[in-house]
Each structure stands twice: as C-alpha cells, then as structure tokens.
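Below is the structure, and that's it, no one-letter string:
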C-alpha cells in the first residue's frame with residue numbers, strides 16, 4: 001500500500017514540477033516556432049505515457065497485492081492484449097516521429113533567396129566563410145589546409161572573392177533567411193544556437209546544412225554540443241543579428257581570399273621606426289624589463305602580436321581598472337595609425353631572437369606537467385604555440401609575467417571583453433587552475449619545458 005501511494009505521489013509531483021518549473025526554453029529568436037511545437041508534442045506524448053505507466057503500476061500494486069489464500073493466475077499469451085498494446089504503442093511512436101520528420105524536412109530545405117554562410121569547426125574554435133559577388137563558394141581541398149590557408153581553398157577561381165571571417169564572430173541579417181553549411185577540419189563537432197532552435201553535427205569529410213530566419217536583434221552564443229576534446233566547453237562563438245544594411249556593410253568590409261593571398265609584405269623599416277617607442281619598455285631586442293613589468297616580445301608570433309595590439313587599440317585590453325600595465329600599454333598602441341603599421345611593427349618584432357627566461361623558483365613542475373596537458377592542445381607540448389588554434393608560444397616568457405596573466409584571466413581582469421573571443425576562451429581555461437599554487441605549478445613547468453630543463 002505504501003509503495004503504491006509513493007508511486008502516485010511521485011508521478012503527480014513530477015507533473016506539477018513540469019508545469020510550474022522556472023526552467024523553460026530560451027526565448028525564440030528565429031522562425032522555428034515549429035521546433036517548439038514538436039518539443040511540446042514530445043513532452044505531451046512521453047508525459048502521458050509516464051503518467052499512464054506509473055498509475056497502472058500503482059493500480060497493479062493495490063489490486064493484486066498479496067492476500068492470504070489467493071494465488072496468481074498464469075496466462076502466457078493474450079493476443080487481444082498484445083494487439084491493443086501494439087496499436088497504442090504504434091500510435092504513440094507515430095505521434096513522436098511524424099512531427100519531427102516534417103519539421104526536419106523543412107529545416108534542411110533552404111529557400112532559393114537565402115544568404116549562404118559556411119561554418120568551419122576545429123578544435124576548439126569557429127570560423128566562417130561567405131560567398132563573394134558571384135554567389136558561389138570556392139571548392140575546398142583538405143590537402144591545402146595549412147596556417148597560410150586556414151580554409152583549405154584550392155585553385156578554384158570562384159573562391160578568390162569568398163569573404164573570410166577568421167574570428168569567432170558572425171553577423172546575420174534580421175528578417176532574411178540564411179543557409180548555414182557546416183564542415184569540420186578535424187573531429188566531430190556540433191553547431192548549436194539555443195535561441196534559434198538550431199543544432200547540427202559537423203562531420204569530417206561531409207558538408208551538412210540547415211537554414212533559419214533570425215527574427216530578433218541581439219547577441220547569441222554558439223556552442224559546440226558534441227564532446228570534441230579536452231577544451232570542448234570553451235569552443236564558443238557569437239552571432240549578432242543586425243539590420244540588413246548593417247550586415248551588408250560588414251560583409252562588404254570582410255577580406256577576400258584574394259586579399260589573403262595577395263596581402264602585402266610588411267615593411268620592416270617602417271616597423272623599426274614604430275618600435276622605437278616600444279623599445280623604452282620592452283628593450284631594443286624585445287627582451288622585456290621586469291622592473292617595470294614589461295614582458296619580453298621576442299619569440300611571439302606576428303599573428304599574436306597583431307591581435308593584441310588591435311585589442312589594445314580598440315579598448316578590449318588595457319581598460320580594466322585593475323590592469324595597471326595594460327593601461328600603460330594602451331596609449332602606445334594607439335600611436336600606431338592603422339592596420340598596416342600594426343602589421344609592420346609585429347613583423348619587425350618577429351625578427352628578434354627569442355628570449356630565454358630562467359626557470360621559475362616557485363611551484364612544483366611535476367604537478368604542473370599534469371596541469372599543462374590541457375594547455376598543450378592550444379600552446380604546444382613544449383610551449384611552442386600552435387598556429388591552427390591561434391595559441392601563442394609560451395616558452396621563454398618569464399614566470400612573473402605568466403603568473404600575472406593567468407591570475408588576470410582567472411579573475412576576469414583580462415579576457416572578458418566581448419571583442420576578445422580568444423581571451424574569453426582563455427578565461428574558461430585558466431579557471432581550471434583552482435588556486436595560486438596550481439598557477440605557480442603550471443608556470444614552473446612551462447618555464448622548464450621550453451628550455452629543455454624539465455625534470
């Protein structure tokens with residue numbers, strides 16, 4: 001008797017919790033209201049089965065509970081009961097599958113007038129490609145994938161005017177349909193935007209696709225909904241839904257594949273001139289100055305230097321009240337007049353011989369080696385940096401600088417600005433170091449592994 005009433009109460013409590021729970025679907029921001037309808041149908045069908053089965057169980061416990069002198073009646077077959085169960089089960093399964101199949105057919109059938117965007121996933125970042133004026137994507141050759149050709153575009157002339165989005169930030173036009181074509185450069189990923197009710201696997205060697213019409217302006221988060229590796233949780237991007245004219249202006253300002261291939265060689269002499277003001281703090285050869293908390297720059301890649309100078313210039317770095325050295329750096333970055341100047345000085349700094357700093361005195365490098373396994377996927381096993389993940393080299397950087405930056409990431413002093421996507425990713429990774437001791441341990445390992453002095 002008690003068990004039967006417990007089953008009844010649990011069933012009614014579950015239904016009540018579903019009806020009054022504050023955890024509901026995120027606000028819909030696309031045309032896929034039918035997705036919500038399908039989810040509601042699924043909840044109703046499975047909910048009805050849940051209630052029916054549990055109430056039947058409670059009834060069986062009450063009706064056929066043990067009584068002295070009564071014996072169970074064995075009936076191995078009941079064709080009438082089997083027929084009813086088969087019919088009811090079949091109707092229930094059809095009610096679950098039919099709406100989903102109908103919506104799925106619409107989900108992958110994009111209108112002719114839809115804008116097209118390619119989504120490229122790799123461990124652990126997103127990038128995007130849009131067709132140029134010809135409206136056609138250039139063919140991709142996986143064998144052409146390399147640091148200088150991150151999209152793997154071959155010699156197809158149709159790809160020369162393709163627009164490239166290197167950063168994990170995509171704009172979409174409000175009220176206009178968009179088809180998203182998805183491909184992976186390495187392992188299985190999943191592109192999901194909860195507010196759009198959009199979700200699709202990226203399968204290596206295949207191109208999947210779906211479409212949607214963004215209906216509400218705003219910022220929406222892209223996540224990878226497939227466990228793709230150790231930094232899966234940090235694989236995120238932003239989608240901004242904007243007015244069509246804003247989207248078109250943004251799209252027309254994107255670099256093309258032809259721009260990427262024909263980018264001008266940097267002017268090292270101009271870079272030397274721009275670096276004159278940097279040398280006062282960072283040294284004539286980029287060796288840094290610990291006394292004024294200026295880190296060494298020698299050994300850092302031009303891509304990373306360019307990105308950081310841009311962040312300083314646009315206020316995504318060096319504006320936090322607790323980042324004193326960053327605040328000092330920003331005025332110098334603002335002295336660089338344009339992107340060409342940034343490229344010139346970054347290329348000039350890259351000509352310096354890499355700095356070598358002494359191993360850290362604090363921390364346990366053996367414990368740090370275990371913690372660094374997560375870092376190695378983006379920064380390399382020996383801290384040499386990985387171009388594909390845009391992870392800068394760490395080898396050669398001094399312990400005081402590494403500790404300060406990791407602490408700043410952990411505390412959100414650095415990396416939380418909306419225009420710093422890789423900083424956002426690094427904040428999540430740094431927070432895996434649970435305390436100062438863990439920070440010192442991993443830094444002790446980094447300062448040894450790059451110089452070959454690890455134990």
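That came through fine. Note that the coordinates shown come from a computational prediction; the quantities given were computed from them, not determined experimentally.

Could I get the buried residue list for the lowest-mean-pLDDT helix or strand in the chain?
In the chain, no helix or strand scores lower on mean pLDDT, DSSP states H and E than helix 257-261, which sits at a mean of 78. By neighbour count with 16 or more other Cβ atoms under 10 Å, helix 257-261 contains the buried residues 257, 260. C-beta coordinates here come from the backbone N, C-alpha and C atoms, glycine included.

outside of it, which residues touch it?
The contact list for helix 257-261 (Cβ atoms under 8 Å, 6 or more residues apart in numbering) reads 138, 151, 153, 159, 160, 161, 162, 164.

contacting residues around the fourth one?
The contact partners of residue 159, taken as Cβ under 8 Å, 6+ apart, are 137, 138, 139, 153, 257.

Identify the farthest-apart pair in the residues you listed.
Farthest-apart pair in those is 139 and 257; separation 11.6 Å (Cβ to Cβ).

residues shared between the contacts of those two?
In contact with both residue 139 and residue 257: 153, 159, using Cβ under 8 Å, 6+ apart.

do you know how far the residue nearest to residue 398 when sequence neighbours are not counted is from residue 370?
For residue 398, ignoring the flanking residues on the chain, the nearest one in space by Cβ to Cβ, 6 or more residues apart in numbering is residue 357 at 4.0 Å. To residue 370, residue 357 is 22 Å away according to Cβ to Cβ, to the nearest Å.

In terms of neighbours, single out the busier of those two.
A direct count of neighbours by other Cβ atoms under 10 Å for residue 357 and residue 370 places residue 357 higher, at 22 against 12.

Might one say that the more buried one is in contact with residue 394?
No. At 10.6 Å, residue 357 does not count as touching residue 394 under the criterion of Cβ atoms under 8 Å.

and residue 273, helix, strand or coil?
helix (DSSP: H, G, I helix; E, B strand; the rest coil).

Contacts only, for it.
Shown in contact with residue 273 (Cβ under 8 Å, 6+ apart): no residues.

try the one 5 residues further on
Contacts here follow Cβ under 8 Å, 6+ apart; on that basis residue 278 touches 297, 332, 345, 349.

Neighbours of the third one, how many?
If I follow you right, that is residue 345. Residue 345: 30 neighbours (other Cβ under 10 Å).

Look up how far residue 145 lies from it.
Taken as Cβ to Cβ, the span from residue 345 to residue 145 is 29 Å.

what sits against the residue nearest to residue 389 when sequence neighbours are not counted?
The shortest distance from residue 389 to any non-neighbouring residue, by Cβ to Cβ, 6+ apart, is to residue 378 (4.4 Å). Contacts for residue 378 (Cβ under 8 Å, 6+ apart) come out as 124, 231, 386, 389, 390, 391, 429.

So for residue 378, what's the pLDDT?
The pLDDT attached to residue 378 in the predicted structure is 85.

where do the strands sit along the stretch 101-250 of the chain?
Applying DSSP state E, counting those that start in this stretch to the stretch 101-250 of the chain gives strands spanning 115-122, 125-130, 163-165, 169-173, 178-184, 189-193, 198-202, 208-212, 218-224, 236-242.

model confidence over the helix or strand hosting residue 83, on average?
Counting by DSSP states H and E, the element that carries residue 83 is helix 79-107. Mean pLDDT, taken over the full extent of helix 79-107, equals 86.

tell me what the biggest helix by length in the chain is packed against?
If you go by DSSP state H, the chain has its longest helix at helix 33-63. Other elements packing on helix 33-63 under the criterion 3 or more Cβ pairs under 8 Å, 6 or more residues apart in numbering; DSSP states H and E are helix 2-20, helix 79-107.

Mean neighbour count added to those, as TSV?
As requested, the helices and strands packed on helix 33-63 are arranged in TSV below (neighbours: other Cβ atoms under 10 Å):
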stretch	mean neighbour count
helix 2-20	12
helix 79-107	12
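
thinking again about what came up before, of the strands of the stretch 101-250 of the chain, which is nearest residue 107?
The closest of the strands of the stretch 101-250 of the chain to residue 107 is strand 208-212. By Cβ to Cβ, the value is 5.2 Å.

what are the pairing partners of the closest one, and which direction each?
strand 178-184 (antiparallel) (DSSP bridges).

quick one: contacts of the strand it pairs with?
Contacts of strand 178-184 (Cβ under 8 Å, 6+ apart): 110, 114-122, 137, 140, 172, 191, 198, 200-204, 206-214.

which element is the residue nearest to residue 389 on?
Per DSSP H and E, residue 378 falls inside helix 365-379.

okay if I get the helices and strands packed on helix 33-63 as a markdown table plus distance to residue 68?
Shown next, in a markdown table, are the helices and strands packed on helix 33-63 (distance: least, Cβ to Cβ, whole Å):
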| stretch | distance to residue 68 |
| --- | --- |
| helix 2-20 | 19 |
| helix 79-107 | 28 |
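
out of those helices, which comes closest to residue 292?
helix 79-107 (57.1 Å).

rewinding a little: give me the common contacts of residue 357 and residue 394.
Taking Cβ under 8 Å, 6+ apart as the criterion, residue 357 and residue 394 do not both touch any residue.

one step back: now the residue nearest to residue 389: how far from residue 391?
Applying Cβ to Cβ to residue 378 and residue 391 gives a distance of 3 Å.

Check residue 199 too.
Residue 199 sits at a distance of 28 Å from residue 391 (criterion: Cβ to Cβ).
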